[in-house]
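Engineer: sequence-free structure coming up:
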């Protein structure tokens, strides 16, 4: 599947000029929604942990396309170009330390027998896969899709998820999936209910690592007290999620 799409858009990748929504990359459209190809379809067969977002944003798409173009220009095979593009455009910037700190908090490094979860982006990258329920960039009215319209109830989005994300689930039948935020959580809950993934593989409740979610992250990590939180943050909900995730990861260690 990956190479088929990559080969279909290889000319557009060779000629990529920095526009992630170039007509030459268009996969599908429906009203104000449009889906474009970017090389995010490589799957790490040895991954034990999968971090699941909504969809790649425009900046991630540009980074992936530029890296794929660079790799092809150096004579890399499509498989290597796909792998390098995927790894280059993974969680970066302020999100990465937030994410690795939360994963360390729930004991993931202990289960994986690594020093800390920062290693998942370095020497232990063979254990981790980044993914999105909508694996290719989706734009709503030209802007990054943010969860509206509904990911499950919109025909174009549901078909994109079933055709291109479900194969990732099937390729990694023993991995655990961490949805990051409410939209991936809703999607994975629906996919589990429809038999596409085992419910026990989906570990819900991790706050999205975005800097915009800083207060929830700080409380999740125990760096901010409950009485210092704003009204928009529910400490009981975060406490429950942290306890559930810690228990689930603990159970993996003893499985």
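Structural biologist: It's in. Not measured: the values here are computed from a predicted model. Numbering: from 1, shown residues only.

Engineer: tell me where the stretch 51-200 of the chain has helices.
Structural biologist: For the stretch 51-200 of the chain, the helices identified by DSSP state H, counting those that start in this stretch occupy 58-73, 78-88, 95-105, 108-112, 155-164, 166-171, 182-193, in order along the chain.

Engineer: okay, these in a markdown table with distance to residue 129 next?
Structural biologist: Using the backbone N, CA and C atoms, a C-beta is placed for each residue, glycine as well. Conversion of the helices of the stretch 51-200 of the chain to a markdown table gives the following (distance: least, C-beta to C-beta, whole Å):
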| stretch | distance to residue 129 |
| --- | --- |
| helix 58-73 | 15 |
| helix 78-88 | 9 |
| helix 95-105 | 14 |
| helix 108-112 | 13 |
| helix 155-164 | 14 |
| helix 166-171 | 8 |
| helix 182-193 | 14 |
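
Engineer: need the least confident one among those, by mean pLDDT.
Structural biologist: Mean pLDDT per stretch puts helix 78-88 lowest among the helices of the stretch 51-200 of the chain, at a mean of 91.

Engineer: who does that helix touch, helix- and strand-wise?
Structural biologist: Other helices and strands packing on helix 78-88, by 3 or more C-beta pairs under 8 Å, 6 or more residues apart in numbering; DSSP states H and E, are helix 2-8, helix 58-73.

Engineer: could I get the buried residue list for it?
Structural biologist: 78, 81-88 (16 or more other C-beta atoms under 10 Å).

Engineer: with stretch 216-233 instead?
Structural biologist: Residues 216-220, 224, 229, 233 are the ones in stretch 216-233 that count as buried (16+ other C-beta under 10 Å).

Engineer: same thing with stretch 166-177?
Structural biologist: In stretch 166-177, counting by 16+ other C-beta under 10 Å, buried: 167-169, 172, 175-177.

Engineer: now do stretch 26-42
Structural biologist: Neighbour counts over stretch 26-42 (16+ other C-beta under 10 Å) mark 27-28, 33-42 as buried.

Engineer: contacting residues for the nearest residue to residue 226 once chain neighbours are set aside?
Structural biologist: Once flanking residues are discounted, residue 226 sits nearest to residue 235: 4.2 Å by C-beta to C-beta, 6 or more residues apart in numbering. By C-beta atoms under 8 Å, 6 or more residues apart in numbering, the contact set of residue 235 is 219, 226, 229.

Engineer: same check, this time on residue 133
Structural biologist: Applying C-beta under 8 Å, 6+ apart, the residues near residue 133 are 52-55, 151, 161, 165, 179, 183-184, 187-188.
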